[in-house]
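# just need the structure, nothing else, for what follows:
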Amino acid sequence: MSLLSISGVSKRYGSVTALDQATLHVEPGTLTAIVGASGSGKTTLLRLIAGFEMPDQGTITFDALQIAGPLRVVPPHKRGIGLVAQEGALFPHLSVGGNIGFGLESRSDHAAVTALLDAVELDPSIRSRMPHELSGGQQQRVALARALARRPKLMLLDEPFSALDAGLRTNMREMVKRRLQAEGVTGILVTHDQQEALSFADQLAVLEGGQVVQAGSPRELYLQPKTEMLARFLGDALIIDGIAATGEIDTPLGRVRVARATADGPARVMLRPEQVRLVSWSEGTPTAEIVSASFEGPITVVTFRANGGLFTLKVPSADAPVQGRASIVLIGTGHVIPQ
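Prediction:
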């Protein structure tokens, strides 16, 4: 049984439809990431779950209780849902210990505060510091500890790592993931960072135009997106026109095997960059004529022609051909994009 069920939820602000019949189910103990372009409805959906907004249509059920819909509306503080906002939102007039203690039944429970600081990998000696004396990463850890203090069944994470530098962002993401899993807390992360979503979540949900257009495992959405928009949104993709016949598709890059049967005739197939390799040229193989190669550190962006088509591919710099000809090797199976 799902811990959280969002069923046919719509939300409008005047003439703007922020959510349109959105439906999503979250299983207990899992981590879900919600991604989408700006204006797709991510933040509105999170605010509806938290109780800061009410849906115009549809229902939200949490822990077998309808918390928003025609039958009842449960106020935010009674939902048992934690929230870590983008900027941490610590109380500026309270110390670290005071902020964390705010979520405890006894605000003077020093042992509990210490345990929570340990849980988010902070030295308990900072309990007397004020929020302005902390780094951005420390503030976010304190915000997480304060949210965990209430022992929520569900934790909402509203782009909590976006203000951090790249290295710290990765470390914080892994720490939060470990902590939620250790506490058995179900988590929902809203992010604009596709790579962050893919690495964090058990379930990935993509919003477009206020609707959940696809939800499933990160691997499923990355390798088997339902639309070309999804294919490009979740990472670099080569979308190639070809002709399907007998379980394969003839393309300018060569014959592509596909995992699912498709009708013979014109087809569009998706390959991820890691499925295409450019190797030393040998006669009789699909050939790439290198047009340009742009070195970008660990990767080189190679533009090449193959059978009249022009393609751009990110290649590990150690293996990147920079001029002349190369043979094209395709790895694994392609995914047919519905037309």
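# quick check: domain ranges of the protein?
What automatic domain parsing lists as the domains of the chain is 4-229, 236-336.
# among these, which is the most enclosed?
Mean neighbour count, computed with mean count of other CB atoms under 10 Å, is highest for domain 4-229 among the domains of the chain, reaching a mean of 18. Every residue, glycine included, has its C-beta placed from N, CA and C.
# what's the end-to-end length of that one?
27 Å (CA to CA, to the nearest Å).
# now render the domains of the chain as a markdown table, adding mean pLDDT.
Listed next are these as a markdown table, based on pLDDT from 0 to 100:
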| stretch | mean pLDDT |
| --- | --- |
| domain 4-229 | 90 |
| domain 236-336 | 92 |
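# would you check that Pro131 makes contact with Val142?
Yes - using CB atoms under 8 Å, Pro131 is in contact with Val142, at 7.5 Å.
# grab the most central residue of this protein for me.
Against the mean C-alpha coordinate of the chain, by CA atoms, centre = their mean, the closest residue is Ala197 at 2.1 Å.
# tell me which element that one falls in.
Using DSSP states H and E, Ala197 sits in helix 194-200.
# now Arg173
Going by DSSP H and E, Arg173 is part of helix 166-183.
# what's that helix packed up against?
Counting contacts by 3 or more CB pairs under 8 Å, 6 or more residues apart in numbering; DSSP states H and E, helix 166-183 packs against strand 31-36, helix 110-119, helix 136-149, strand 186-190, helix 194-200.
# where exactly do the strands run in the stretch 1-150 of the chain?
All strands of the stretch 1-150 of the chain, identified by DSSP state E, counting those that start in this stretch, fall at 4-13, 16-26, 31-36, 57-62, 65-68, 81-84.
# ditto for the stretch 201-339 of the chain
Using DSSP E, counting those that start in this stretch, strands in the stretch 201-339 of the chain cover 203-208, 211-216, 238-245, 248-251, 254-257, 265-271, 276-280, 287-296, 299-306, 309-316, 325-330, 335-336.
# got those strands as a markdown table, with distance to Arg72 columns?
A markdown table is the format used below for those (distance: least, CB to CB, whole Å):
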| stretch | distance to Arg72 |
| --- | --- |
| strand 203-208 | 25 |
| strand 211-216 | 24 |
| strand 238-245 | 46 |
| strand 248-251 | 52 |
| strand 254-257 | 52 |
| strand 265-271 | 44 |
| strand 276-280 | 53 |
| strand 287-296 | 54 |
| strand 299-306 | 53 |
| strand 309-316 | 51 |
| strand 325-330 | 55 |
| strand 335-336 | 43 |
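# between the helices and strands packed on helix 166-183, which one is closest to Pro338.
Across the helices and strands packed on helix 166-183, Pro338 has its closest neighbour in strand 31-36 (19.7 Å, CB to CB).
# how about the closest one as CSV, C-alpha atoms only?
Extracted in CSV, the C-alpha atoms of strand 31-36 (Å, rounded to 0.1, in the frame of the first residue of the first chain):
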residue,chain,number,x,y,z
LEU,A,31,13.1,8.0,-2.1
THR,A,32,11.3,9.8,-4.9
ALA,A,33,12.8,12.6,-7.0
ILE,A,34,10.5,15.0,-8.9
VAL,A,35,12.0,16.8,-11.8
GLY,A,36,10.8,19.1,-14.5
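# give me the contacts around it.
Here strand 31-36 makes contact (CB atoms under 8 Å, 6 or more residues apart in numbering) with 24, 26, 42, 45-46, 177, 180-181, 186-194, 196-198, 200-208, 218, 233-234.
# note down every partner strand of that strand and its orientation.
Here strand 31-36 has these sheet partners by DSSP bridges: strand 186-190 (parallel), strand 203-208 (parallel).
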